[in-house]
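S.K.: sequence and predicted structure below; questions after.
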Amino acid sequence: MAVRRELNVEDWLAILRRRFWFLLIPAILFAAVGLLISLVLPKQYTSHTRVLVQAPIVPDSYVKPVVSDDLNRRLASMQGEILSRTRLQQLVEQFGLYKDVKRAPMEALVNRLQKSIKVTPLSPTPGTLSLALLGFNIDVTLGQASLAQQVCSEVTSLFMNQNLRLREEQAEDTTQFLGKQLEEAKAKLDEQDAKLAKFQGQYLGAQPEDEQTNLTLLGGLTSQLGAATQDLNQAEQNKAFIESMLSQQLAAWKSSADGRNPQTLQQQLSELENQLPALQARYTDKHPAVLKLKEEIAELQKKVLDAPSQDRGQSTSEEANGLAVEPLQVQQLRAQLRQGTLTISQKKKEQEQLQRQITVLQSRIQLSPVVQQEFKALTRDYQTALNFYNELLKKRDEAQMATELERRQQGENFRVLDPPSFPESPSFPSRRLFTLGGLMAGLGLGAGLALLVESRDKSLRKRQDVEAYLGLPTLAVIPSMESVRTREIVAHLPPRSELRVLGARKTLVR
C-alpha cells in the first residue's frame, strides 16, 4: 500500500493543473442545466409593500388611548384573521386565482395562496432599546405581476381596515363597559348618600362637629336654668309676702264693715283716677296693672252714669252698704298678687323648657361616641364610593374622547409607506441564482471526481514521494532520459515494482 505524504500548496496547484478538465466540464454542464431549468420553470412575481405604524395625532398626555395591547400580538391576531380560509377564499374567487389548476379543491388553493402571502415585522433600529413594532412588510407572490400587485393591495387594505375596526370596537367596548360600571357606582353612591342623609336626620345636632356646640349650649342653658330658678324662688317669696299683706289689709277692712269709712262711687273713681298717673309713670300703657286700673275706672264711670242723679244725695247709707268697694291698698295688693302668680307660672314654664333642652343636649353628648363611630363608618363608605365614582367618571370621559379619536381615524393607525409594487422581473426562478447554483454544483462534483481519480493514482512524481514510499533518503536524482521503449517497459511492470519521479525518472526492477 502506498504511503501518502502531507500535501502543500504547490502539490495542490499541481493537482489542479492535472485535473483542470475534471472541474471545468462539470461546472459548464451544470451551469447550463441550471440556466435551462430557470427558463423552464414557471415564473413567479412578488409584489412588495411596507406599512408603518403611525403614532396618534393627539399626544397620550392629553388623550389616553384605551387600546394598549401589544401591537405585535395585535398584528399576529390580525394576520391570523386576514389569512384565514374565509378571507382567502374570497380573494381566490374575486381575482380568479389558480385557474390553471384543474380539479383542485378550494382548501388546496387557499393553502397555496396562504403560502404565497408573507408578512414580516420591521426590526427596530440598531442601538435603540424600544421593542415596539415600527411596521411590517407584505409580500405576495403569484404567477402574474398584475395579480400579485392587486392581491397585495387588497391584503394591505384588509390589514388597515382591520386595524381601524379592531381599535374602534375595543374603544367602544371599553366605553360601554365603563358606562355600565359608572351606573352601578352611581347607584351605590346614591345608596350611601341616602344612608348618610338618614343618619344626619336621625341624629340631628348630635353629629361629631356639633359636640363642642352642644357643650357650649349646655353651659349656657345651665346658667339660664339657675337664673330662672332664682327668679322663681324670688317670685314665690314675693307672692307669699303679698298674700300676707293682703290678709292684713282685708282684716283691717273687714273691721270697718259697719261703714264708718264708706266710699262712694264718686270718691272711689277719684282715687282711682289719682292712682293712674303714678302707675303710668312707673309702667307702660300695656302693663297688666295699668290696664286693670283703666278697666276699673271705666266700670266705675259707667256705674256713676247709670245711677239716678236724684237718688245720689238721698241714699248715701245705701250706697255705702251696697256700692262700697274694697280699698285701694287691697286692690293694689290683689293686682300684685295676680302679677306674682303670672310671673311664677311663666318662670315654671321657662324652667321646664330649659330642663327639656338640657336633657336633649345631655342625651346628644352621651350619644356622641356611638354617633361618631357610626358616622365615621358611613363617611368612609361614602367617600370610598365617591372616589370610585369620580375615578370611573374620569376614565369614562377619557374613553369617550379616545373613542371619538378612533372614529375620526386620528389614533394609532397604519400608513402605507410604499404602495404595492408592480414586479417587472420575476422573483422566481432567478436565472443568476440557478446558473450560479449549477456552476457551484458542477465545481463540487468536478472537485469530487478529481480527488477520487487523484487518490487512485499511484504515481511518484517528486523526490518526497520516493522517500515517503521507500522510507529511505534519496542519494541522487537522475534527469529524465525516458524513451519510448522505457515507457513501454514501465507500463508492463506491476504497480509495486515501479517508482516514478516527475522531471527525473528512473526504472528499477527488483
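M.R.: Thanks, I have it.

S.K.: only C-alpha atoms for contact and neighbour calcs from this point on.
M.R.: Fine.

S.K.: pull out the buried residues from stretch 51-64.
M.R.: Val51, Leu52, Val53, Pro56, Val63 (16 or more other CA atoms under 10 Å).

S.K.: just send these back as a markdown table, with pLDDT too.
M.R.: A markdown table is the format used below for the buried residues of stretch 51-64 (pLDDT from 0 to 100):
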| residue | pLDDT |
| --- | --- |
| Val51 | 89 |
| Leu52 | 87 |
| Val53 | 84 |
| Pro56 | 76 |
| Val63 | 75 |
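
S.K.: could you point out which element follows the host helix or strand of Leu361?
M.R.: Using DSSP states H and E, Leu361 sits within helix 328-407. Counting by DSSP H and E, the next helix or strand C-terminal to helix 328-407 is strand 413-418.

S.K.: tilt between that next one and helix 328-407?
M.R.: Strand 413-418 runs at 20 degrees relative to helix 328-407, counting by axes from the mean of the first three to the mean of the last three CA atoms, to 10 degrees.

S.K.: show me what strand 413-418 is packed up against.
M.R.: strand 45-54, helix 145-202 (3 or more CA pairs under 8 Å, 6 or more residues apart in numbering; DSSP states H and E).

S.K.: rerun that using 10 Å as the cut-off
M.R.: Other helices and strands packing on strand 413-418, by 3 or more CA pairs under 10 Å, 6 or more residues apart in numbering; DSSP states H and E, are strand 45-54, strand 135-142, helix 145-202.

S.K.: how about Leu392: what's its closest non-neighbour residue?
M.R.: Leu182 (5.9 Å; CA to CA, 6 or more residues apart in numbering).

S.K.: may I have the residues that are in contact with the one you found?
M.R.: Gln176, Lys188, Phe388, Tyr389, Asn390, Glu391, Leu392, Leu393, Lys394, Lys395, Arg396 (CA atoms under 10 Å, 6 or more residues apart in numbering).

S.K.: so which of the residues you listed is the closest to Leu354?
M.R.: Nearest to Leu354 among the contacts of Leu182, counting by CA to CA, is Lys188 at 42.5 Å.

S.K.: count of neighbours near the nearest residue to the closest one once chain neighbours are set aside?
M.R.: The shortest distance from Lys188 to any residue other than its chain neighbours is 6.8 Å, reached at Ala385 (CA to CA, 6+ apart). For Ala385, the count of nearby residues is 21 (other CA atoms under 10 Å).

S.K.: and for Val119?
M.R.: Val119 has 15 nearby residues by other CA under 10 Å.

S.K.: list the contacts of stretch 213-223.
M.R.: 205-207, 210-212, 224-229, 353-355, 357-362, 364-365.

S.K.: got the buried residues for it?
M.R.: Asn214, Leu218, Leu221, Thr222.

S.K.: picking that back up, can you add distance to Phe434 and give the helices and strands packed on strand 413-418 back as CSV?
M.R.: Listed next are the helices and strands packed on strand 413-418 as CSV, based on distance: least, CA to CA, whole Å:
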stretch, distance to Phe434
strand 45-54, 16
strand 135-142, 19
helix 145-202, 21
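
S.K.: ok, which of these comes nearest Ala447?
M.R.: It is, among the helices and strands packed on strand 413-418 and with distance given as CA to CA, strand 45-54, at 35.7 Å.

S.K.: so how far is that closest one from its chain's centroid?
M.R.: 35 Å (CA atoms, centre = their mean, to the nearest Å).
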